[in-house]
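**Student:** For reference, the sequence and a predicted model appear below.
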Amino acid sequence: MSQELGSGLLLLGVGGGGCRLAASVRSAYGEGVRVVCADTDAQPLRTAAGAGMTTVLLGGSRLSGHGTGGDAILGRLAAQDDLETLRAQMQHARTVVILASLGGGTGGGATPEIVKALHDMGMATVCFVTRPFVFEGEARAKSADRVLPMIEENADSLIVIPQDDLFSDAREDLLGDAIQVSESLISAGVTLLWRLVTKPGFIQLDPERLHKMVLRGGNARFGFASASGVDRARHAVEALKSCRLLRKGDSLSKASAVMLGILAGPDLRLAEIGEVMGALRSHAPKGCLIEMGTVLDAQYEGRIELVALSFESWVAAVSQPAPPAKEAAPPAAAEPPVADAFPIQPGSRRSRAKGSKLSFGATGRGKFRDVEPTLHEGQDLDVPTYIRRGIALER
Ligand SMILES: Nc1nc2c(ncn2[C@@H]2O[C@H](COP(=O)(O)OP(=O)(O)OP(=O)(O)O)[C@@H](O)[C@H]2O)c(=O)[nH]1
Ligand SMILES: [Mg+2]
């Protein structure tokens, strides 16, 4: 099994725009990326299958292989029809990177359903979604806005890419160019990220670190920049800081965690890594976690490319407190148990943030197993509070 497949990473394109982006990442990266394309439209799926990608036709019995025509409700129903087939294709994945373009019916309607299904399967999901260009009109923008909270509900990390932010304010680009440039920029950024975690580099940002970071990622911003020639490290980091996708540095200056990738040729110098990291550290808030990795590739000789995921609401894992041997006082009678006051839905982002991975035995009595239980109002006080109240702790 190749390293890429063994990493448990899978790329999933949803809808026309999402599948085109996924295909573009695959052609830039090479065959090592495991890609699944899911769409209601059979025609582009045939092309994707011809290029060796796994395809899943959504809602075939309902839509006969035609798109939804912009109807997000149809997109959602189509996803529900074929969730089992999709699930079967995802079985061995651990982290799924989803690409979708919002504004249409399939990307918009099917993505929230799929993200929820994957989350319920226990997979980490990183969603890159594009917002339509302003020139596409208000209806598409509103359709995207309606869908975003539904994706956010179950996605571990959500990166929204407003397509307009990929361009300069001058907007002298032609329409055809804008669409193509947007697609190639996004796919270049995602490819870079993919390389960063799957190709061994001088400093590797392995899938495990990606997995841990995205699990508590929340909303994130994504940006990239490159520079060549003299002072390329300084210029690249300056360009990253002024990148519109990172809100011209505003996102980085408020980030609680940043994942930074440096892609360069074998001529990359240690001092240049230091320069990039120093500039980023002084720009980011104090205490911001910065995870960095490098990819060295001969074709980047003379150049430095940077890619950053900036998490503004990333939460560090809570260290596990030592369970109290005895409880000092029982909780006030009127106060509901924590677990009841804040019900944790299985499959919600909240339940994951609570660290549902750490499990205990049914009684949780540990070293008090052989002593008389200290019962108070029906509760065994020798069992640590966090177990009695059903609060899971991060590992
Ligand atoms: N950059 C870029 N964006 C695209 C392209 N095609 C579509 N989009 C964007 O994606 C949004 C949704 O369009 P599609 O992906 O074609 O729609 P869909 O998800 O397939 O949904 P339906 O076809 O309506 O079922 C559009 O509003 C555009 O913003 C493309 O070729 N390049
Ligand atoms: Mg379509």
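**Tutor:** Noted; the coordinates are in hand. Residues are numbered from 1 along each chain as shown. Ligands and ions are numbered 1, 2, ... in the order given.

**Student:** and the closest residue to ligand 1 within the stretch 151-300 of the chain, helix, strand or coil?
**Tutor:** Across the stretch 151-300 of the chain, no residue is closer to ligand 1 than residue 182, which sits at 3.7 Å (CB to the nearest ligand atom). Backbone N, C-alpha and C define where each C-beta goes, glycine included. Following DSSP: H, G, I helix; E, B strand; the rest coil, we place residue 182 in the helix state.

**Student:** show me the contacts for it.
**Tutor:** Residues near residue 182 by CB atoms under 8 Å, 6 or more residues apart in numbering: 130, 133, 163, 166-167.

**Student:** How many neighbouring residues does the residue of the stretch 201-350 of the chain found nearest ligand 2 have?
**Tutor:** Scanning the stretch 201-350 of the chain for the residue nearest ligand 2 gives residue 222, at 23.4 Å (criterion: CB to the ion). By the measure other CB atoms under 10 Å, the count of residues near residue 222 is 23.

**Student:** Over to residue 203?
**Tutor:** Neighbours around residue 203, by other CB under 10 Å: 15.

**Student:** Mind checking what secondary structure it has?
**Tutor:** coil.

**Student:** From residue 217, how far off is the closest residue to it other than its chain neighbours?
**Tutor:** Spatially, and ignoring its direct neighbours in sequence, residue 203 is nearest to residue 294 (4.9 Å; CB to CB, 6 or more residues apart in numbering). Between residue 294 and residue 217 the computed distance is 21 Å (CB to CB, to the nearest Å).

**Student:** Also residue 296?
**Tutor:** Taken as CB to CB, the span from residue 296 to residue 217 is 27 Å.

**Student:** Pick out whichever of these two has more residues nearby.
**Tutor:** residue 217 (27 against 18).

**Student:** Which residue is the nearest non-sequential neighbour of the more buried one?
**Tutor:** residue 157 (3.1 Å).

**Student:** partner residues bridging the one you found?
**Tutor:** Beta-bridge partners for residue 157, by DSSP bridges, are residue 126, residue 218.

**Student:** likewise the one 5 residues further on?
**Tutor:** Beta bridges link residue 162 to residue 131, judged by DSSP bridges.

**Student:** Do I have it right that it meets residue 131?
**Tutor:** Yes: between residue 162 and residue 131 there is a contact under CB atoms under 8 Å: 4.4 Å.

**Student:** Between those two, tell me which one has more neighbours.
**Tutor:** Neighbour tally, residue 162 and residue 131, criterion other CB under 10 Å: the higher count belongs to residue 131, 20 against 15.

**Student:** Model confidence for that one, exactly?
**Tutor:** Confidence at residue 131, expressed as pLDDT, is 93.
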